[in-house]
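Trainee: what's the 3D shape of this:
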Amino acid sequence: MSEFTIKEINGKYITDELHQIGFDEGYRFAVKDKFLYKNIKVFNLTPAQANILKQTALSVGADCGTHREVIRGGIEYSDAILGGSINQLKKIAEKLKLQPFKLPLLAETILDNLKEHKRKTKLVGILNVTPNSFSDGGKYFEPTDAIKHLMTLIEDGADMIDIGAESTKPYSDAVSAKEQIRRLKPIFEFVQKENITVPISVDTRSSEVADFALNNGAEIINDVSGFDYDKNMPTIIGKYSAGVIIQHSKGTPENMQDSPKYENLIDEIFFDLKRKAAIAEENGIKNIIADPGIGFGKTKENNFEILDRIEEFFALNYPVMLGVSRKSLLEIKNDDNDLKDSLSLAISYPLLQKGVDYLRVHNVKLHQYISNILE
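Mentor: Prediction:
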């Protein structure tokens, strides 16, 4: 047995731990940046930029990994991984402000990334008006049942309601715009009649359905295809100055689970969302929410990697949404929804702690209870 006892400390609690060991009280908050370590990936640097970044990092005791050919200029561009304490990264940024090759712009980007952004999760209640959704297909298909559940979700504390009239579970078939509108119409008649103020999102890939929904009181469109299914979607949403949830999906519901493969899962999803957000902005859409798309063209391992690395998507500088509720990654397809909701919450708990901006859930009441405890 070793004579020494050690344990790792969660950086979130470093100031409390410094207090516990009797560290100088007047200095412990100021010094915390020396104890917090961060790795940042920087994309598409020229060899000159990468070499300067690496030497600057080394000059403050930090480090920077680049392509092996950077040192002799044998590659046109290289990504870089910059690692150091928050304090060291701030020093690197200040030094980069004095360098050429647009590195002062990189300095500002690094400093912005280092800012603390406090995020509180909002809960999005799911209302499926479909006969074949994966967890509650048919339960709220009739308008009276759907309206009753809509009010339950609101009473339970939903910050937004996401209504879907087309199931997009794996291997499901597309539903016509006409049929989706038929299913949605009585819900929106009720929303308008009762002057419901909770924001309504509509889960659809069809610009025709989006046009109907936005013209009847919806504020946001949740496009699980991320504009891939209907190229008119950005134009329609922009016309109403509405919001959009852009989700990453590899393929369509009919084929998305047929052996999906990625070279670099997180980077591919990150840049796909970034590209599509730019399309949204070009169409005048200002309220943009990014969703990495759990279960949409991903293996179980892919899904859990996204959950583990969800903070990396905060660098998109758009609110981030996730939907894990009752999905197949829980591997309890035939169990009842009470068990599915309990396991969904187990996965949601660390996401609430990390401050994911929106969680799309079936059981709002259960998630609201835990969310209140964490406040």
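Trainee: residue 349 contacts residue 371, correct?
Mentor: No - using C-beta atoms under 8 Å as the test, residue 349 is too far from residue 371 to be in contact (9.8 Å). (C-beta placed from N, C-alpha, C; glycine too.)
Trainee: more neighbours: which of these two?
Mentor: The neighbour count for residue 349 versus residue 371, taken as other C-beta atoms under 10 Å, is higher for residue 371 (20 against 15).
Trainee: what secondary structure does that one sit in?
Mentor: Following DSSP: H, G, I helix; E, B strand; the rest coil, the label given to residue 371 is helix.
Trainee: tell me the pLDDT at it?
Mentor: On pLDDT, residue 371 comes in at 91.
Trainee: which parts of stretch 360-375 are buried?
Mentor: Under the neighbour-count criterion of 16 or more other C-beta atoms under 10 Å, stretch 360-375 has 360-368, 371 buried.
Trainee: for residue 190, state which of these is nearest.
Mentor: residue 364 (18.6 Å; C-beta to C-beta).
Trainee: does the closest one touch residue 161 like I think?
Mentor: No - using C-beta under 8 Å, residue 364 is not in contact with residue 161, being 9.3 Å away.
Trainee: okay, how far is it across stretch 201-218, tip to tip?
Mentor: The straight-line separation of the ends of stretch 201-218 (C-alpha to C-alpha, to the nearest Å) is 6 Å.
Trainee: mean confidence (pLDDT) on it, please.
Mentor: 98.
Trainee: which residues are contacting that stretch?
Mentor: Stretch 201-218 has contacts (C-beta atoms under 8 Å, 6 or more residues apart in numbering) with 124, 160-166, 168, 174, 177, 180-181, 184-185, 188, 191-192, 196, 200, 219-225, 229-230, 232-233, 235-237, 239-240, 242-243, 245.
Trainee: and residue 311, what does it touch?
Mentor: residue 354.
Trainee: kindly report the same for residue 364.
Mentor: 123, 125, 153, 156-158.
Trainee: among the residues you listed, which lie within helices?
Mentor: Residues of the contacts of residue 364 located in helices (DSSP state H): residue 153.
Trainee: which residue is nearest the centroid of the chain?
Mentor: residue 320 (3.1 Å; C-alpha atoms, centre = their mean).
Trainee: surely that one is in contact with residue 294?
Mentor: No - with contact defined as C-beta under 8 Å, residue 320 does not reach residue 294; the gap is 11.8 Å.
Trainee: mind putting the buried residues of stretch 360-375 in a markdown table, distance to residue 272 included?
Mentor: Output for these, formatted as a markdown table (distance: C-beta to C-beta, whole Å):
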| residue | distance to residue 272 |
| --- | --- |
| 360 | 19 |
| 361 | 24 |
| 362 | 27 |
| 363 | 30 |
| 364 | 29 |
| 365 | 34 |
| 366 | 32 |
| 367 | 28 |
| 368 | 31 |
| 371 | 29 |
